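In: next come a sequence and a model predicted from it.
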Amino acid sequence: MLARLYRLLLHAYPRGFRARFGDELTAAFLEGLGRARAIGPWRASTFLSTRLADAVLSGLAERWSQRPFPSTKGRHMMLSHLAVDLRAALRLMRRQPGFTLVVVLTLAIGIGANTAVFSLIDGMLLRPLPYRDPGQLGFLWTKLEWIGVPRAWMSGGHVFILQNQTTLVEDFVALQVGETQLTGTGQPEQVRRAFTTANVFEVLGVSPQIGRSFQAGEDRAGAANVVVLSHALWQQAFGADAGVLGRRVMLGGVSHEVVGVMPAAFRFMSPSSLGMPVTPDVWIPGTWDFASLPTSPFNLAVMVRLKPGVTLAQARAELDTIGSRLDREQYGSRGFGWHLAGVVDDLTAQVRPALWVLAGAAALVLLIACANVASLFLVRGVGRERELALRAAIGASRGRLAAQLLVEALTLTGIGAAIALVFAVVAVNALKVSVPAPIPRLDQVAVDWRVLAGTIGVTVAIAVVFALLPMVPLGRPALAGALKEGGRSVGAARTQRLRSAFVVGEVAMALMLVFGAVLLIRTFAAIRGADPGFQADGVLTARVSLPPAKYPQAQGAPEFIARIVDRVSVLPDVVASGAANAPPLSQRASQINARPTSPADAPRLLVDLVAATPGYLRAAGLTLIRGRDFDLSDRPGGPQVCIVDQEFARTAWPNDDALGKTLRVEFVETDVTVVGLVRQAHLYHVHRDDRAQIYRPHLQSPTLGATIVARANGDPAALGPAIRRIVAELDPAQPVAEIRTLGRVVEDRLFERRLSTNLLAMFAGVAVLLAAVGLNGLMAYAVSQRTAEIGVRIALGAELGHIERLVLGRAVWLTATGLAIGAVGAYAASGWLRAQLYGVSPTDAVTFAAVAIGLLVVALASSAVPARRAARVDPVRALRSE
Amino acid sequence: MNRSADVLPPFTAVEFEILLSLAAGDLHGYGILQDVETRTAGRLSLRPGTLYRAINRLLAHGLIAEVAPARASGDARRRVYHLAAEGRRLAAQEAERLDGQVATARARRVFKRREA
């Protein structure tokens, strides 16, 4: 591994040299590494860093030393000057390793962080999807404002209305995503299927890699069953066999003919109204006849392609017109309408705010890094004023001097950018493999050359400006002054003012970052600490989704699930078991309308419906406040019952006991009696849910899919194989999927938030570090410049404490100014962050005070060494040096 | 610069050290590195980059040459270097020059070390 890295770095050498000595250099490197390792890790690491740097620097030096000796005319001269300057720059870098290291690392961090984050943003939010005219594609949603639903799916009836009334939409694609079972190809497997209108691939403008896409009419009732496979499933379940075309596979217990396989690069995510978008494994034509479908339920994801030249805004205006007419005529003007969103915007809606916060943070880090680098260049520039003046005096043109400074700045930036690139690639890839759940479009992210170029461009521009600053005082009159021995540097005072301004700015930006990071950390802690309404410890979940062909209208499905639960409950170590179609955090519940039967004017409520078996409440660790759990007497023929959560009880019967009350729910003909009251167990977010919940017995409200939930005494993960075996014994063709502990489910749900919090915390840490380095450098330099003055003070009897306070006072003043500016900035940015916070205000005073004090302490600590040095100035020597 | 080939050597101090190492017998690159280090008691520790760049130059100017490695050394990747006649001549010339300088320095009491 190290040998490979070393070999890679050897490319700094010219090709011929590498061919000749590469093997020997590598052998010597490995031998030396072995010896250094034998001595100890410290020795090994110093060996490594010097040898790797040596490879690059010597290589570049060899390259440039091969240039022909300077001739005296034209382009050749430019080139040879460049060679000379580069050699000078490399020499300078080797002579000032501290300066080089700080500049290069600072640049690498700033550029690397920005490149990584903006590559993410570019790949996920900005780059168009790989479809034909992706700008003309959008997703269509139903707005039901009177029940607080901004994004419901579409109903078939409404699609029909729109098909007839819009003039701007070219095509409608309807999709319905769910689970199905792939059997007959080895182990039965649960796969994600999309029912779709036959025009889907044509509208997207993509063709299958092999085979064909759907033909018109294949989505009519009675057409032959055909399926198009995703590339991933084709490889995984069919070994990428081209002979799969024409083969029949069993999906959901029904035979389908494979007609096509999509290309590997094809990506499609069907949006879901509440949870994360879904990538289908199999595409099957649905058989909807929109003309005869009702205007509810809202159960279709609908994608539209606008006619060429039509903008989203124009299409929205037309949809609003049609929608508001419908609202008046059919919905009593209660706020019915449609919402049209661009495909990329729609798919990334959930991750976008966090990404932009990260982008802001990365940009601030880059600014701080640039300020530090500029500051370092300024100091060095002042130190070199005399050298430059001397060279100007003996005849170097200003252009030549500027060129040399430029080459130095560019060399440093170039090396920093190279390290940054490695850093960004590693970071982006690490991020991609560490993500547990599919985040839309993340798999398409790669470090983008344009992003890298842009970031480097900004940095180079800044480096160049500040590298050239020392040139400014080189007007003729200043020359003599600069050359005078002991003459005060012309630019020093101005430089110090500029650097002070940089430090103030750095502190301000660091404050904003740290404050934001601490707010997010507190948010994360608050969410972690919030009661999700269930107890995840010791619980294993496993998804069983039954084929509709075998269980028409879900008939017999609850009985099959109950048999699994029965067998699981007698496994050793299992203390409770049950099943539900929508377990905690599954985002799977269906929304239905429920209305209390009394009082007569009780409002209709949109609630999440969970179908659960007896024992589910205990297995998932829900809290039954009053009443009873479901039991075996709650059968389809018996009285219809339900359990409600306290949210529902409070809204429906604010002054009354919910037990024994009755309500009407959609799709049930009779009254449903409340037999129990539970604390809400969240289905969507760890810390909150938006809707009230109703639980119904699985037998009375059958579903094809159910998640088995088992609470164990010991390690719940150990139950996985047993559950798999039980299901296989009951039905060998039945797949079991998503075997995960409930704890894992919670962690996965928190992943995005944890990631963005960690990243922001990292950026904040880097910002503080850079600001501290900047402040330390400024104070150290100030002390060195004022040595004579301090010497005089000490000679005249100033106390040492007074001298220290003089230095620290300056540091505190700069820091305080920065904090004040940062406070204004943080306040201005608070609105930006508000949506991401929970349990803490974006202007939380305690957090702010703690962060400010913390930064002040860091500032004092980073100025302590220069202050100590100031107090130790030897007055005699200080005065003599003047 | 009036660098005259007659007065100043066409090689650097590092290259001179390499010539000195090879004067005792043929060595491969890593052997030179170790020899220099032991001879100077660790005061001069060559980085591989510096070493091979120097070797490259000496080869190019014909001061040293590559020879077939002894069979016993076993490692085919390792090239063995030999001090060429031209290298030996220039090294001797440089040594003489240095000797003269040392004598002068001593005579003028630039450094006080016991007489050899």
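Out: In hand now; what should we look at? Numbers count the residues shown, from 1 in each chain, chains lettered A, B, ... in the order given.
In: residue 92: which element?
Out: Reading this off chain A. Secondary structure assignment for A:Leu92, by DSSP states H and E: helix A:74-95.
In: wait, chain B
Out: Assessed by DSSP H and E, B:Ala92 sits inside helix B:85-107.
In: A:Cys448: how many residues sit nearby?
Out: Just so we're on the same page, residue A:448 is Asp rather than Cys. For A:Asp448, the tally of surrounding residues (other CB atoms under 10 Å in any protein chain shown) stands at 20. Quick note: C-beta positions are derived from backbone N, CA and C, even for glycine.
In: ok, and the closest non-adjacent residue to whichever residue of chain B sits closest to chain A?
Out: Chain A sits closest to B:Gly49 of chain B, with a gap of 2.7 Å, by CB to the nearest CB. Leaving aside its chain neighbours, B:Gly49 sits nearest to A:Ser58 (2.7 Å; criterion: CB to CB, 6 or more residues apart in numbering or on different chains).
In: kindly report the same for A:Ala349.
Out: That would be A:Ala341: by CB to CB, 6+ apart, it lies 7.6 Å from A:Ala349.
In: isn't there a strand covering the one you found?
Out: Yes. Per DSSP: H, G, I helix; E, B strand; the rest coil, A:Ala341 lies within a strand segment.
In: what's around it, how many residues?
Out: Neighbourhood size, A:Ala341 [other CB under 10 Å]: 17.
In: ok, it - contacts?
Out: By CB atoms under 8 Å, 6 or more residues apart in numbering or on different chains, the contact list for A:Ala341 reads A:138-139, A:141, A:349.
In: among these, which ones are buried?
Out: In terms of neighbour count (16 or more other CB atoms under 10 Å in any protein chain shown), the buried residues within the contacts of A:Ala341 are A:138-139, A:141.
In: out of those residues, which are inside helices?
Out: Among the buried ones among the contacts of A:Ala341, no member falls in helices (DSSP state H).
In: including distance to chain B, could these go into JSON lines?
Out: Listed next are those as JSON lines, based on distance: CB to the nearest CB, whole Å:
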{"residue": "A:Gly138", "distance to chain B": "58"}
{"residue": "A:Phe139", "distance to chain B": "58"}
{"residue": "A:Trp141", "distance to chain B": "63"}
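In: dump these into a markdown table; add distance to A:Gly184 and pLDDT as well.
Out: Converted to a markdown table, these look like this (distance: CB to CB, whole Å; pLDDT from 0 to 100):
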| residue | distance to A:Gly184 | pLDDT |
| --- | --- | --- |
| A:Gly138 | 38 | 92 |
| A:Phe139 | 34 | 92 |
| A:Trp141 | 37 | 92 |
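In: from these, which land in strands?
Out: Per DSSP state E, strands hold the following members of the buried ones among the contacts of A:Ala341: A:138-139, A:141.
In: and B:Arg109, which of the three is it?
Out: Following three-state DSSP, we place B:Arg109 in the coil state.
In: can you check which strand is longest in chain A?
Out: In chain A, with assignment by DSSP E, the single longest strand is strand A:169-183.
In: what's the burial count for A:Leu519?
Out: Neighbour tally, A:Leu519, other CB under 10 Å: 26.
In: which residue, other than its chain neighbours, is closest to A:Ala417?
Out: Closest residue to A:Ala417 apart from its sequence neighbours, by CB to CB, 6+ apart: A:Ile456 at 4.7 Å.
In: how much space between that neighbour and chain B?
Out: 26 Å (CB to the nearest CB, to the nearest Å).
In: which elements pack onto the helix or strand where that residue lies?
Out: A:Ile456 is part of helix A:449-468, with elements assigned from DSSP H and E. Secondary-structure packing of helix A:449-468 (3 or more CB pairs under 8 Å, 6 or more residues apart in numbering or on different chains; DSSP states H and E): helix A:97-121, helix A:352-383, helix A:398-434.
In: contacts for stretch A:299-312 next, please.
Out: Stretch A:299-312 is contacted from outside by A:133, A:136-140, A:153-156, A:159, A:168-177, A:200, A:203, A:270-272, A:288, A:315, A:340, A:342-343, using CB under 8 Å, 6+ apart.
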